[in-house]
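Student: how does the following fold in three dimensions:
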Amino acid sequence: MFRHLLALRQLSTRSISSTARRQVANKVAETQKLYQVDNGIPVHLKGGTVDALLYRFTMTLTILGTGGALYQLLSAALPRKN
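Tutor: Below is the predicted model:
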């Protein structure tokens, strides 16, 4: 049992340390070049199709939420007569 705990501890320290086998490539410079190009596209849409879809989805939810809130305010301000 103790041997298994030592092996687990050693495995966890190896995966956290900087000498791990798999190193992730640094893509910051490439991403900065993509966002700094002056092509007339807003920054929040320069990520491509996923950013455009996420933007449209967010705007749709915002408009629907605002409409729903206004409807609820109107229905509360003008209650139905019995």
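
Student: what separation do you get for the most centrally placed residue in the chain and residue 61?
Tutor: With distances taken as Cα atoms, centre = their mean, residue 54 lies nearest the centre of the chain, 9.4 Å away. According to Cβ to Cβ, to the nearest Å, residue 54 and residue 61 sit 11 Å apart. The way it works is simple: take the backbone N, C-alpha and C, and place the C-beta from them, glycine included.

Student: swap in residue 4?
Tutor: Distance from residue 4 to residue 61, by Cβ to Cβ: 49 Å.

Student: so where's this structure uncertain?
Tutor: Across the chain, the ranges flagged by pLDDT under 70 are 5, 11-22.

Student: switch to 50 and redo it
Tutor: Within the chain, no range satisfies pLDDT under 50.

Student: what does stretch 43-63 rub up against?
Tutor: Residues outside stretch 43-63 that contact it (Cβ atoms under 8 Å, 6 or more residues apart in numbering): 34, 35, 37.

Student: mind putting the residues you listed in CSV, neighbour count, distance to residue 71 and secondary structure included?
Tutor: Listed next are the contacts of stretch 43-63 as CSV, based on neighbours: other Cβ atoms under 10 Å; distance: Cβ to Cβ, whole Å; DSSP: H, G, I helix; E, B strand; the rest coil:
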residue, neighbour count, distance to residue 71, secondary structure
34, 12, 41, helix
35, 10, 39, helix
37, 9, 43, coil
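
Student: I am finished for the moment; much appreciated.
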